[in-house]
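# what shape does this take:
(one chain, ligands or ions: 1)
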Amino acid sequence: MAYIGASIHRGRGALDGKRILLIVGGGVAAYKALELTRLFRKAGVAVRPILTRAGAQFVTPLSLSALAEDKVYSELFSLTDEAEMGHIELSRSADLVVVAPATADLMAKAAHGLANDLASTTLLATDKRVLMAPAMNVRMWEHPATRRNLAQLQADGVLFVGPDEGAMACGEYGFGRMAEPPAIFEAAMAALDSNRALAGKRAIVTAGPTAEPIDPVRLITNRSSGKQGYAIAQALAQLGAEVTLVSGPTALPAPAGVRRVDVETAREMLAACEQALPADIAVCVAAVADWRPESVGAQKIKKGEGGPPPIAMVENPDILATLARSPARPRLVVGFAAETNDVEAHARAKLAKKGCDWIVANDVSVEGTMGGDDNAVAIVSAGGIERWERMAKGEVAKRLAARIAEELK
Ligand code: CTP
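All right, here's what the predicted structure looks like:
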């Protein structure tokens, strides 16, 4: 990790006067929290430390307090601490909460919402962004329980920096070393600086498949994991938008800060979208079933003498086209097109047919796109086509959200 001394100086413009609540957990890496505190202070950022009981086995409250130039908080029901600042207020008085080192124990508590000491109570009570710098033995880091906790915390919107790979204090080698203080510093600065370009804007995102019943046990649906739509809802929310995610059946947890409305059929999806109007942005990512059975059997259709039953189908409403032509049309309406051939030509045709502003075209003939984690997309608009390189769906989402913010500026 290159030292980034040049960018660390007191008074980094907008960051001057920002406040960080620094939770120092118990691990050998706790000594690095002292250097991290020094970097924050040098940049003009106020640091209020919480030292866990285990953390105090590794660094002294005195050294942390001296570097932070503030009091160190450690006990949940300490009369002196609570008199000065109650734990709820403490959790909200900062612009960002940084946990370094984030031990396996702190991660587990935060993932499960446990609150039995000052650090965990603060993590549960905060309404601010949380950045964790994990530090633990490689086996603990790779344990399925830690992987589950990590996934849960990420779904809750917690940011992570590290851990790095390297030799550990316990003599083992692998992932689990806490990120170096300059890297944590940069991640914290990025989180503090995070652009809220969509604050005050309302967005509707459709995601996942729709399921159209044939009878009480059978249905017609499309293949869609919902991953791309969920990632877009999350990315828009991270830029400050108020997001309604209208989702067909998926196995995904709702992203943090997003209002999710669960639906099954295309007609329910349309109704939920119309209810969420007015909005500034609509992004239709759902794989809506184009047709539905004309009538839904009240009872399970039995195998009869006459062979398979004919199923008469009728067309479903087109949600994207309906929103694009609505009297309450969002300012920017974006559709997705999953194509297997002539991607650009089909996207252009869809742009005209649906009346939307952009079509995000993705080539699903590329193996691993459906249900996978990567996507190669092109943005087609009246102005032309922008091709993006293949990247993770999360990255596509962030870039699309940034592009939307730029458009609405
Ligand atoms: N879409 C929608 N409602 C529908 C069908 C599609 O909102 N009933 C939206 C999708 O969410 C996507 C876009 O329209 O944003 C493109 O959907 P797609 O199924 O690829 O296009 P179709 O119009 O169905 O064309 P085709 O099936 O012929 O490719």
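
# who touches residue 72 in this structure?
Contact criterion CB atoms under 8 Å, 6 or more residues apart in numbering gives 49, 50, 51, 61, 64, 65 as the residues in contact with residue 72. C-betas here are computed from N, CA, C, even on glycine.

# what does the stretch 151-300 of the chain put close to the ligand?
With CB under 6 Å from any ligand atom as the criterion, the stretch 151-300 of the chain comes near the ligand at residues 206, 266, 284, 285, 286, 288, 290.

# pretty sure the fourth one sits against residue 232.
The reference is to residue 285. Yes - with contact taken as CB atoms under 8 Å, residue 285 and residue 232 are classed as touching, separated by 6.2 Å.

# more crowded one of these two?
For residue 285 against residue 232, the residue with the higher neighbour count under other CB atoms under 10 Å is residue 232, and the figures read 30 against 27.

# coming back round to it: which of the residues of the stretch 151-300 of the chain next to the ligand fall within strands?
Secondary structure assignment by DSSP state E places 206, 284 of these in strands.

# neighbour-wise, which one of the residues of the stretch 151-300 of the chain next to the ligand leads?
Highest neighbour count within those, by other CB under 10 Å: residue 206, with 34 neighbours.

# what residue of this structure is the furthest out?
Note on the chain: the largest C-alpha distance from the chain mean falls to residue 305, namely 52.2 Å (CA atoms, centre = their mean).

# circling back to that earlier point, so can I have JSON lines of the residues of the stretch 151-300 of the chain next to the ligand showing pLDDT?
Compiled in JSON lines, these are given as follows (pLDDT from 0 to 100):
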{"residue": "206", "pLDDT": "98"}
{"residue": "266", "pLDDT": "98"}
{"residue": "284", "pLDDT": "98"}
{"residue": "285", "pLDDT": "97"}
{"residue": "286", "pLDDT": "98"}
{"residue": "288", "pLDDT": "97"}
{"residue": "290", "pLDDT": "95"}
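
# among the residues of the stretch 151-300 of the chain next to the ligand, which two are most distant?
When CB to CB is used, the two most widely separated members of these are 285 and 290, lying 15.7 Å apart.

# now, which of the residues of the stretch 151-300 of the chain next to the ligand sits nearest residue 151?
Within these, distances to residue 151 taken as CB to CB reach their minimum at residue 285, with 21.6 Å.

# check which helix or strand the residue lying closest to the closest one once chain neighbours are set aside maps to.
By the measure of CB to CB, 6 or more residues apart in numbering, the closest residue to residue 285 outside its immediate chain neighbours is residue 229, 3.5 Å from it. The secondary structure element spanning residue 229 is helix 227-238 (assigned by DSSP states H and E).

# which of the contacts of residue 72 fall within helices?
Here DSSP state H is the test, and these give 61, 64, 65 as lying in helices.

# what residue in the stretch 101-250 of the chain comes nearest to the ligand?
residue 206 (5.7 Å; CB to the nearest ligand atom).

# domain-wise, how is this structure divided?
The record assigns the chain these domain ranges, following automatic domain parsing: 19-192, 202-408.

# list residues touching both of residue 285 and residue 232?
With contacts defined as CB under 8 Å, 6+ apart, the residues shared by residue 285 and residue 232 are 205, 207.

# return the helix or strand in the chain with minimum mean pLDDT.
Averaged element by element with mean pLDDT, DSSP states H and E, the chain has its least confident helix or strand at helix 79-84 (a mean of 60).

# next SSE downstream of that helix?
Next helix or strand after helix 79-84 toward the C-terminus (DSSP H and E): helix 87-92.

# tell me the mean pLDDT over that next one?
When the per-residue pLDDT values of helix 87-92 are averaged, the result is 80.

# neighbouring contacts of stretch 345-358?
284, 318, 320-321, 324-325, 332-335, 337, 339, 359, 361, 378-382, 385.

# er, stretch 326-341 actually
In this structure, residues lying in contact with stretch 326-341 by CB under 8 Å, 6+ apart are 204, 228, 274, 277-285, 287, 320, 323-324, 343, 346-347, 350-351, 354-365, 400, 404, 407-408.

# for it, measure first residue to last.
This stretch, stretch 326-341, spans 30 Å end to end (CA to CA, to the nearest Å).

# once you drop chain neighbours, what's closest to residue 118?
For residue 118, the nearest residue in space outside its immediate sequence neighbours is residue 76; the separation is 4.4 Å by CB to CB, 6+ apart.

# ok, residue 74 next?
The spatial neighbour of residue 74 that comes closest, neighbours along the chain excluded (CB to CB, 6+ apart), is residue 51 at 4.9 Å.

# across the sheet, point out what pairs with the one you found.
Residues in a beta bridge with residue 51, per DSSP bridges, are residue 24.

# my read: it touches residue 64, true?
Yes - here residue 51 reaches residue 64: they are 6.0 Å apart, a contact under CB under 8 Å.

# overlap in contacts, those two.
Common neighbours of residue 51 and residue 64 (CB under 8 Å, 6+ apart) are 24, 72.
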